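My questions concern the predicted model and sequence given below.
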Amino acid sequence: MPAVAKQKDDRIKVEQFITDTEGHKMAAVIDMEELNRLKTVLDLIPASETWLYKNKNVLESVQRGLKQAAKGKIKKLAINEL
């Protein structure tokens, strides 16, 4: 995925969060203009990668792996040992 410079103005502005009885965020209320901006951002994600963003555990694992690789904490994979 290409790197993009982020600016404060690029964030989706949430007017209100809807929570469950325990205070966990369940949904967000946004303006229609913000919804259109959000759809534009989501359209940038290739269809072949959307599964990754739908699975929080896998996405976090991939992000951890990328951080480890950036720090040089990698080793050669021995395929015959799998």
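Okay, I see it. Numbers count the residues shown, from 1 in each chain.

Can you check which helix is longest in the chain?
For the chain, the longest helix by residue count, based on DSSP state H, is helix 56-70.

Show the average pLDDT along it.
pLDDT averaged over helix 56-70 equals 91, rounded to a whole number.

residue contacts, the most centrally placed residue in the chain?
A centroid search over the chain (Cα atoms, centre = their mean) returns residue 53, at 5.5 Å, as the residue closest to the centre. Shown in contact with residue 53 (Cβ atoms under 8 Å, 6 or more residues apart in numbering): 45, 59. Bear in mind the C-beta positions are built from the backbone N, C-alpha and C, glycine included.

Domains in this protein, by residue range?
The chain breaks down into these domains under automatic domain parsing: 12-43, 46-74.

rewinding a little: roughly how far out does the longest helix of the chain sit from the chain middle?
Computed by Cα atoms, centre = their mean, to the nearest Å, the separation of helix 56-70 from the middle of its chain amounts to 11 Å.

Identify the residues contacting it?
Contacts made with helix 56-70 from outside it, assessed by Cβ under 8 Å, 6+ apart, are listed as 52-53, 74.

hang on, the earlier thing: and the domains of the chain as a markdown table, adding distance to residue 81?
Supplementary listing: the domains of the chain in a markdown table, determined by distance: least, Cβ to Cβ, whole Å:
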| stretch | distance to residue 81 |
| --- | --- |
| domain 12-43 | 39 |
| domain 46-74 | 16 |
